[in-house]
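> Pasting the sequence and the predicted coordinates here, then a few questions.
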Amino acid sequence: MRVLLVNPACLDERKDQTDASSVSMGLYYIAAFLKARQIDVHVVNLAVVKEPGSCLDRVLEREKPGIVGVSVVSATRFSAMEIACRTKRRDPGIKTVFGGAGATFLARELFSLCPDLDYVVKGEGEVTFFELFRHVAFGDPRCPEQIRGIFFRQKGFRQKGFRQKGFRQNGNIRETKNREVMENLDALPKPGAFFDSEHVSLSRGCPGRCTFCGSPAFWGRKVRFHSPLWFVDHLELLVNRGITHFYVSDDTFTMERDRVIKVCDLIIDRGLEITWSAISRVDFIDETILFKMRKAGCIQISFGVESGSETIRQTLGKPVKQERIVAAFRMTASVGILTRAYFIYGSPGENDDTIAETMALMAAIKPLSAVFYLLVVFPGTALYQRLKREQLVDDGIWQEKIEDIPWFQKEKNLDFETVKAYGKKLRTGYYTAVSRFAADVDLVDNPALYACHGDFLSRLGMTFSHGDYAGNPDVKDSDRTAEQLFHRSLAYGPNARAYLGLGMLHQKKRAFARAVAVFERGLEAFATVKSLNVGMAVSLMNLGRFERALEYLEKFHSHRDVEPYIKACRQRGV
C-alpha cells in the first residue's frame, strides 16, 4: 500500500510565500521513517501550485495511495479538509489522516467539519503513523483503540458533505491515550537520505512559557536533542544533494551551549561550506558560542524581542530585562552575524506609551532585519486558554473561515485602526533608521574573523543595493549605504560579492567605465566567478566593446542564462 503525504496551502495569500510554501519538517520525518521500513511514500507540496485541487487529482490518479496524510496548522485546515473531500470523492476506500499542531489541538472540530476525515495523529507522529499504517495496510490485529496517540471516527457515522456551521457531532469520535515522546531522536532516520530540504532541527521541545506559542504544548517542555554527530551527518547528506544554505528551525538552537559548540566544531572540521540561520533567545548566547557559530557558517540569528515594554514582555511570557536584549544584539552583530528581531504589537495592554517603548528599544538594539507581527491567537497557546476561560471564545470559532484570532478583537481598549497605526509606526520607524543601524555596526577586531566580516558586510550591502531595502521608499540613501558597506567589506580583504555589488551600483548610475575598473579588480582575485565575468561583460557591452565582452562570456557558453548575452554580442558583428 502506498502512502501520500501532503503539504496544504494556507487559507489567506501571503505577500511572501517563502515560509508558507515550505514542506513541514514533520512530513519529511514521517516519510523518512516509513521509507526506512520499505514503505512506498510520496510527498506532494500543494502550497506551491496554482491549481492545488487539479494537482491533487493527478497525483491521486498516478500514485493510487491507500492512505493520504496531511500536515495541518490552523492556517491550512480548510485546505486540508478539501484534500480529504477530494480524496474520498476519488476513492472512498482511501484512509485520510491529519497530523500536526492544527490537527492535534483542533481534532474534534475537524471531525465535526469534515466527514471525510478518518484519523488524527496527535503530537509527535513517526511511530504513531507507522502503527496506523500497519493497521490499515496489513490488518494489524490491534484495533484503533490500541494505537496510542490518535483520534478516530467510529464506523457508521460518516455523513456526506461539510456540516453546517454550529452543527457539531463529536459523540462518535474516540481518542486514545497519548503516546510517550521519543527520547532517542538519533533513532530516527535522516530525512536528508531521501528528500531535499533546507529546514533542519537539532532538538524538539521548548521549556519557554511564551503565551502566544503552541510549541511547548505540542512537543512538550522537556527538550530532546539529536546528537551533534547525527545532526552534522544529516547536514552533510543534504550538502551532497546540492543544498548549501539551511534554516535551523529549533525554537532555541543555543539551548545547550556545549552541544552547539560541538556541532560547530564538526562543521568546521569537515570543511562543510554552508551558510545557515538559527533562532535563539537573548539569554542563551555568549561571545564564545557566537564566535563558533559564525566560523561554522551562521549568517543570521533571529531573536524574539516582542516588545519594548517590560510589562508586555511579562504578559507574553518573555521576562527578559532590556539590558540583556541590548547586549545580545551587540554581541551578535560584533562577530558578523546579522541580527533579526521579531516584534509583536497589539498585545494585551498595548497603548501609545508601550509602542514608544518598543521604538526606543529598537533604536537601542539596532537590528539589521526586523519582522513585525500583529498578535494573533492560535489553539494550544496560553492566550487561547485565557480567552476560553474568560468565555470570549470557544472551539466552535474554528469552524469559521479564519486563520487565527487577532487579539485586538477581544481587547476592549484596542481596535483595528489603532493597531494598524501601531504597525505602520513601527515599520516606518524601523525602515527610516535601518541605514543608520547598518552604519553603526561595530565589528570585533579579530583577525580570525576578518574573512567572515567581509562576507557579512557584503551580504548586508546587497540588501540595500538589490535586496529588501533597495525598493523600500522609507529606506533613505540605500545605494549610498550599500556602497559604504561594500567598501568596508573590501577593507577586510578581497570579496567577490563586494566587487559585484560595487560594480552593479556603478552600472545603475551608468558609470560603465568605473564599473569595468571595479570588475577588473574583482577578477584579479576571482577569475572564475561567473557573476563577475558577466558583470564585466555587461559593462563592456554598454561601452560598445562587444568583442572584449565576448571573451568573458564564452567562458560560460554552456550556461543557458549567458546565451542571450553571447547572442547579442555576435549580432553586433563580432
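Looks like it arrived, so ask away.
> the helices in the stretch 301-450 of the chain, which residues?
310-315, 322-334, 352-365, 382-389, 416-439, 450-465 (DSSP state H, counting those that start in this stretch).
> Just the C-alpha atoms of the fourth one, please, in CSV.
Listed in CSV are the C-alpha atoms of helix 382-389, where the atom choice follows Å, rounded to 0.1, in the frame of the first residue of the first chain:
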residue,chain,number,x,y,z
ALA,A,382,-1.9,30.1,26.9
LEU,A,383,-3.5,33.2,25.4
TYR,A,384,-6.1,31.0,23.7
GLN,A,385,-6.8,29.2,27.0
ARG,A,386,-7.2,32.6,28.6
LEU,A,387,-9.8,33.7,26.1
LYS,A,388,-11.7,30.5,26.7
ARG,A,389,-11.6,30.9,30.5
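> Minimum distance to residue 242: which of the helices of the stretch 301-450 of the chain has it?
helix 450-465 (20.9 Å; CB to CB). C-beta coordinates here come from the backbone N, C-alpha and C atoms, glycine included.
> what distance separates that closest one from the middle of the whole chain?
Relative to the chain's own centre, helix 450-465 is displaced by 22 Å; criterion: CA atoms, centre = their mean, to the nearest Å.
> before we move on, the earlier item: okay, the helices of the stretch 301-450 of the chain, which one's buried deepest?
Burial of the helices of the stretch 301-450 of the chain is given as mean neighbour count (mean count of other CB atoms under 10 Å); helix 450-465 ranks first at a mean of 23.
> C-terminal to it, what's the next element?
helix 478-490 (DSSP states H and E).
> which strands and helices sit next to that following helix?
In terms of contacts (3 or more CB pairs under 8 Å, 6 or more residues apart in numbering; DSSP states H and E), helix 478-490 is packed against helix 416-439, helix 450-465, helix 496-508.
> Run the angle between it and helix 450-465 for me.
Between helix 478-490 and helix 450-465, the angle comes out at 170 degrees (axes from the mean of the first three to the mean of the last three CA atoms, to 10 degrees).
> quick one: buried residues of helix 478-490?
478, 481, 482, 483, 484, 485, 486, 488, 489, 490 (16 or more other CB atoms under 10 Å).
> ok, back up a step: any idea which of the helices of the stretch 301-450 of the chain gets closest to residue 255?
Per CB to CB, nearest to residue 255 of the helices of the stretch 301-450 of the chain: helix 322-334, 14.8 Å.
> which other helices and strands contact the closest one?
helix 287-295, strand 298-306, strand 338-345, helix 352-365.
> Give me the mean pLDDT for that helix.
Mean pLDDT, helix 322-334: 98.
> what's the answer for stretch 386-398, then?
Mean predicted lDDT for stretch 386-398 stands at 94.
> And for stretch 535-552?
Rounded mean pLDDT across stretch 535-552 is 96.
> Specify the beta-bridge partners of the closest residue to residue 302 other than its chain neighbours.
What sits nearest to residue 302 in space, not counting adjacent residues and going by CB to CB, 6 or more residues apart in numbering, is residue 340, at 4.2 Å. Counting by DSSP bridges, residue 340 is bridged to residue 302, residue 369.
> Could I get the contacting residues of residue 340?
300, 301, 302, 303, 367, 368, 369, 370, 371 (CB atoms under 8 Å, 6 or more residues apart in numbering).
> Read off the pLDDT value for it.
98.
> So it versus residue 426, what's the distance?
Look at residue 340 and residue 426: by CB to CB, to the nearest Å, they are 15 Å apart.
> Equivalent analysis for residue 311, please.
In terms of CB to CB, residue 311 sits 18 Å off from residue 426.
> between the helices of the stretch 301-450 of the chain, which one is nearest to residue 22?
helix 450-465 (21.3 Å).
> can you list the residues that contact stretch 55-62?
Contacts for stretch 55-62 (CB under 8 Å, 6+ apart): 4, 6, 42, 44, 46, 49, 68, 83, 86-87, 90-91, 94.
> let me redo that: stretch 358-371
Here stretch 358-371 has contacts from 300, 302, 305, 307-309, 322, 325-326, 329-330, 333, 338-343, 345, 425-426, 429-430, 433-434, 436-438, 440-441, 460, 463, 468, using CB under 8 Å, 6+ apart.
> rewinding a little: out of the contacts of stretch 55-62, give me the two with the largest separation.
So, the contacts of stretch 55-62 by CB to CB: farthest apart are 49 and 91, at 21.1 Å.
> Which pLDDT value belongs to the nearest residue in space to residue 338 that is not next to it in sequence?
Closest residue to residue 338 in three dimensions, ignoring its sequence neighbours and counting by CB to CB, 6+ apart: residue 300, at 4.4 Å. Confidence at residue 300, expressed as pLDDT, is 98.
> Residue 168 too?
In this model, residue 168 carries a pLDDT of 37.
> State the distance from residue 350 to residue 374.
Taken as CB to CB, the span from residue 350 to residue 374 is 10 Å.
> Which residue of the two possesses the greater neighbour count?
residue 350 (25 against 17; other CB atoms under 10 Å).
> dump the residue contacts of the more buried one.
Contacts of residue 350 by CB under 8 Å, 6+ apart are 312, 411, 414, 419, 422.
> burial measure for residue 274, as a count.
The burial count for residue 274: 18, using other CB under 10 Å.
> wait, isn't it in contact with residue 267?
Yes. Contact criterion CB atoms under 8 Å: residue 274 and residue 267 qualify, at 7.0 Å.
> can you list residues touching both of those two?
235, 297.
> circling back: among the contacts of stretch 55-62, which one lies nearest to residue 25?
residue 6 (14.8 Å).
> residues touching the closest one, list them.
With CB under 8 Å, 6+ apart, residue 6 has these contacts: 27, 43, 44, 46, 56, 68, 69, 70, 71, 80, 83.
> Tell me the secondary structure of it, please.
strand (DSSP: H, G, I helix; E, B strand; the rest coil).
> How about it, nearest residue that isn't a chain neighbour?
Nearest to residue 6 is residue 70, by CB to CB, 6+ apart, at 4.8 Å.
> Ok, residue 318 next?
Counting by CB to CB, 6+ apart, the residue nearest residue 318 is residue 306, at 5.2 Å.
> What residues does that neighbour make contact with?
312, 313, 316, 318, 342, 343, 344, 347.
> Minimum pLDDT in these, which residue is that?
Lowest confidence among the contacts of residue 306: residue 318, with 94.
> For it, give its distance to residue 384.
18 Å.
> how about residue 382, what does it touch?
Counted by CB under 8 Å, 6+ apart, residue 382 has contacts 209, 211, 212, 317.
> picking that back up, distance to residue 540 added to the helices of the stretch 301-450 of the chain, as a markdown table?
Shown next, in a markdown table, are these (distance: least, CB to CB, whole Å):
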| stretch | distance to residue 540 |
| --- | --- |
| helix 310-315 | 56 |
| helix 322-334 | 38 |
| helix 352-365 | 44 |
| helix 382-389 | 60 |
| helix 416-439 | 32 |
| helix 450-465 | 21 |
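> Out of those helices, which gets nearest to residue 76?
Closest among these, once you apply CB to CB, is helix 382-389, at 17.6 Å.
> before we move on, the earlier item: what's across from the residue nearest to residue 318 in the sheet?
Those that pair with residue 306 in a beta bridge, by DSSP bridges, are residue 343.
> Distance to residue 122 for the helices and strands packed on helix 322-334 - can I get that in CSV?
Output for the helices and strands packed on helix 322-334, formatted as CSV (distance: least, CB to CB, whole Å):
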stretch, distance to residue 122
helix 287-295, 34
strand 298-306, 26
strand 338-345, 28
helix 352-365, 37
